[in-house]
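Student: Show me the folded form of this:
(chains A and B)
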Amino acid sequence: MPVAGAGIIAREERQTVEAITAALAELGLAPPRPLDLRPIPFAGTWGAATSVCRALASDLVARDLDAAGETDGLSKKEIKRRVNEAVPARSQQLAEQVAAGILAQPERRFAAVEAVNGYVNISFDANAVAARLIGEVLSLGAGYGRGEARPERVMIEHSQLNTHKAAHVGHLRNICLGVALTKIIDAAGYRTMPVTYIGDIGMHVVKCLWCYERFHPGQEPEDPAARGRWLGEIYAESDRRLNFRKDVVAFVQLLSREDQVFVGAIDRLLKYLWRKNTDGEDIAYLLGRVIQAQELKPELFREDDVLPKFWPLLGDQLRDEVENQKPYVPVEGVPDPTTTPEERLETWQRLAADMDDWWYQVPAWQDEVKETFQRWERKDPDFVALWETTRRWSLDDLGRIFGEFGATFDHWFFESGAEEPGRAMVQDLLERGIAEISDGLPVVKIDQKLGLTTETYRTLPILRSDGTTLYATKDLALTRQKFDEFGVDRALWVVDLRQSLYFQQIKKILELAGYERAADAEYVGYEWVALPEGVISSRKGNVPLFADLERETLERAHAVIAEKNPDLPADDKERVARQVGLGAIQYAMLARDNTKVIVYDPEEALSFDGHAAPYVQYAHARACRILERAERTDEATAATLDGLDFGTLEPTELALLQAIAALPDEVQRAAAEFRPLVIASHVYDLAKRFNDFYHACPVLQSEEPTRTARLALVAATRRALANELGLLGIAAPEEM
RNA sequence: GCGCCCGUAGCUCAGCGGAUAGAGCGCUUGCCUCCGGAGCAAGAGGUCGCGUGUUCGAGUCACGCCGGGCGUACCA
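Tutor: Model (predicted):
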C-alpha cells in the first residue's frame, strides 16, 4: 500500500495525507497503520480516499462499549457482533468530523472533501493537476514512467535457447518475458545487464550431428539464412529415427488404453497371427499385455520382428474402425479417448512408412550416437570442426529471432564454456566434503548437509558417473561467475517453473560452499505454453515451431492491413504488418500471469480483435492521427499548458488522466514483482479509456479552450501508450 | 509420500485487505455524410472450488480439504 506514488500525483497525495493526519490529530487520534490512500472509485471523480475511519471506528466503538460496561459478561463473539453493528455509523460520523476538520484548515487546498460510507474522499483541483500531469508527460517524453536512478545492477538471464534445435512457442514466452522484464526493471531505475545462456553442446547436438553426417553429409541449404532452421529439422529427424521403436510401442500402448474396438478385436488378430506362423509366445505376451492395458516391454520379445509383422494387421483394423465408425459411448470409470479413429490411423500410417526399414536399424543407430558422443568427449578435430560450423549456423538464426523481438544481450554465456569451470567446482566441493560420491557419481545431499530431517532440497547429482557434465555442473560455476566476474548485485534466472526445485538446489549448494552471494540470485519462473488440445510434446508431434507461428501471423497481419488500410504504401504495409503481427504474439505471451499456463490458441492469436496488442496499437495510431490533423507537435502543445482549461472535466477525461498518472507506480510494481502482466493490463486499460474518451468527447470539433486542453490530453495519452508498449518490447506504429 | 503452481461468467483471463467483482471471445440488439468501425453503446451471463479461522472489512491473508497440472539423484 503505497502512501505516496512515484508520479505527479504524489504531491497531491502527500498533501492529502498531511491534511488527514492533521485533522485526526485535532480529534486526538492517530492512524493505527500507515495511512492508506486509494483513488476514489467513482466515475467522474479525481482524488484520494482513505478508509482510516473504519479502522479507527472499530477501536473507538470497542472502547466506548467497554467503558460503558456494556460488554460485561458477554461472549467474545457477542462483543464482536455488537462492535460490528456500531462500526458503520461510527466510522461515517468520524469521517464527517475528519472532513470538517480538513475544510477548517486555513489553507483550503482541495476541490472537495466529503465523507461517504465511512470513507473520507478528497478531490483534487482536476484542471490544475491535469495541466501539471500533461506537462510532466510531455517534458519527460520517452522518460515518462521512469523511476529514480538506483545504483543496483541486476543481471537478467533469459532466452536460454539451444543451437541445433528449432525454437518453439515455449521459448517465445521466455524471450518475450525476458525482454519485457529487462526493459521494466531498467525503467524502474535499476542498471540492467541482460544475458543469455546458449545450449550449444549436449546430447541434442550430438544427435543432430550424427543424423547430419549419417544421412545428409555435406548438405547445406542454398540460402545461408535458412541453415539454422534446416539444422533444427535435422535434429527433429534424428529424434524421430532414434525414438522410432519407442514411438511404435507408445502407440500400441495408447491403442490398448483407449481404443475399445481394437482391444475387442484381439481374438481375430490372434487367429490371423497364428495362421501366419509367428512365434506363439511373443504373440501371447503382446496380446495379453494389450488386452489388459499393461506396459509393453519390447525387450521381452523373443523375436525382434513381432511388431513389424503385427503392423499391417493393425492397419487393417484401424482402417476398418474409420470406415465403420460407431458412435462413441462413454463407459463409467474409463477415461475419454484423447484421439479419434482418424488420428489413430494417421499415426499408424506415419509409422508404417518407415517400419520395415527403421525398426531394425534403431539399435545400431543408438550405438552410433554413443560413438559420436565419444568423439565429442575426446575432442575429435573433425567433429569439433563440424560442430563449430553448424553452431554458427544456429547462432545466426538465433540472432535473427532475438533481433525480431528486440532482445539484446550484454553477454552471451555458452554451455561449452562453462564445462571446465564446472568440473573444477565439483572437484572443490568434493575436496571440501560438501559433495560426496554416491552410487558412483558426485552428488550433494543437501538436506543432510543442512541438517534437515524433512525432505526439502533432496539430493542433486553434480556430475555424471562417466565424468561428463550436467546442467548443474555448469550452473554452479556460472552463478558464481555472475557475481565474481561481472560484479552484479542481483542475478535473475528467467526459466520455466518446472525447474524451481533445481534452482533452489543450486542456491543451497552455493550457500553450503560459503558463497553468500547466492542469496542474491533470484528465480523468476513462468508456466509453460499449452495448446487447446493439451500438452505440447515432441512425442505427440504437436510442437508449434516459432518459425511456423511467425509466418502464419505475418501472413494474417498482411491480409488484415490490406483490408483495413489498402491505401498504405507497400513499404509501410510491410513494416506495419511486422509490428502488428509480432506485437500480437508478444502481447499474448505477456498478458498472462507468469504462474499461469498459457493456452495458446492459434485461432485466437491470429484474430487481432479485442484484448490484444493491435487494439492498443490502434489507439496509439488514432491519437497520432488526431494530433497530425491538428498540426500540433508535442512542443507546440507544451506551450499551451499554462492555464490549460478543460472546463468541467468529463468522466472519460478524468478516467483517462488517472490512467496516465498511474504509469510510474505501475512500472515500480511490475519491476518489484517481476510481472510484465502489470504493464500489459495497464496499457490495455489506458487504450480502452482513450477509446471511451474520444468517442464521448470531440477533440478537433470542440470549442476553445476545451479544444486545446483535449489536444494536450491526446498528446499525453499518445506518449503514455508508446512508452508502455515500449516497456513490453512492442512497437507503436503511427498508422496501421 | 513430499514439494511447487493453478481453481473467479459458457470459454480465455484481470482483479495492490476496502465502497456495486471486471475485460476479451462467443451470444442478442443498435451505431459509419460525424477526429480511421482493428472501434463504440446496450443486454443476457457469477454459491469467486469447499470449509474453518484472522480482521471493523476476505475473491485477496492463514490453516485444512477437494479437483487439475508439474516436479521429486546421473533430462535440460
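Student: By average pLDDT, which secondary structure element in chain A comes out worst?
Tutor: Least confident helix or strand of chain A, by mean pLDDT, DSSP states H and E, is helix A:266-275 with a mean of 68.
Student: Is it correct that residue A:495 falls within a strand?
Tutor: Yes: counting by DSSP: H, G, I helix; E, B strand; the rest coil, residue A:495 is located in a strand.
Student: how much space is there between it and residue A:11?
Tutor: 41 Å (CB to CB, to the nearest Å). (Each C-beta comes from the backbone N, C-alpha and C, glycine too.)
Student: same thing with residue A:720?
Tutor: Applying CB to CB, the value for residue A:720 to residue A:11 is 19 Å.
Student: Kindly report the same for residue A:439.
Tutor: Taking CB to CB as the measure, residue A:439 falls 65 Å from residue A:11.
Student: Those two: which has the busier surroundings?
Tutor: residue A:11 (14 against 7; other CB atoms under 10 Å).
Student: what sits against that one?
Tutor: Not one residue lies near residue A:11 by CB atoms under 8 Å, 6 or more residues apart in numbering.
Student: buried ones in whatever helix or strand it lives in?
Tutor: Using DSSP states H and E, the element containing residue A:11 is helix A:10-26. The neighbour-count check on helix A:10-26 (16 or more other CB atoms under 10 Å) flags A:10, A:12-13, A:15-17, A:19-21, A:23-24 as buried.
Student: How about stretch A:355-368?
Tutor: In stretch A:355-368, counting by 16+ other CB under 10 Å, buried: A:355, A:358-359, A:362, A:365, A:368.
Student: model confidence over it, on average?
Tutor: Stretch A:355-368 shows a mean pLDDT of 94.
Student: Ok, stretch A:503-518 next?
Tutor: Mean pLDDT, stretch A:503-518: 96.
Student: how about that stretch against RNA strand B, any contact?
Tutor: No: using CB under 7 Å from any atom of the strand, stretch A:503-518 never reaches RNA strand B; the gap is at least 8.3 Å.
Student: Alpha carbons of that stretch, as PDB, please.
Tutor: Taking Å, rounded to 0.1, in the frame of the first residue of the first chain, the C-alpha atoms of stretch A:503-518 are listed here in PDB:
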ATOM      1  CA  PHE A 503      17.400 -23.600  -8.800                       C
ATOM      2  CA  GLN A 504      16.700 -23.800  -5.100                       C
ATOM      3  CA  GLN A 505      19.200 -26.600  -5.000                       C
ATOM      4  CA  ILE A 506      21.800 -24.600  -6.900                       C
ATOM      5  CA  LYS A 507      21.400 -21.800  -4.500                       C
ATOM      6  CA  LYS A 508      21.600 -24.000  -1.400                       C
ATOM      7  CA  ILE A 509      24.700 -25.800  -2.700                       C
ATOM      8  CA  LEU A 510      26.500 -22.500  -3.300                       C
ATOM      9  CA  GLU A 511      25.400 -21.300   0.200                       C
ATOM     10  CA  LEU A 512      26.800 -24.600   1.700                       C
ATOM     11  CA  ALA A 513      30.000 -23.800  -0.200                       C
ATOM     12  CA  GLY A 514      30.200 -20.500   1.500                       C
ATOM     13  CA  TYR A 515      29.200 -18.200  -1.400                       C
ATOM     14  CA  GLU A 516      26.900 -15.800   0.400                       C
ATOM     15  CA  ARG A 517      26.100 -14.000  -2.800                       C
ATOM     16  CA  ALA A 518      24.000 -17.000  -3.900                       C
END
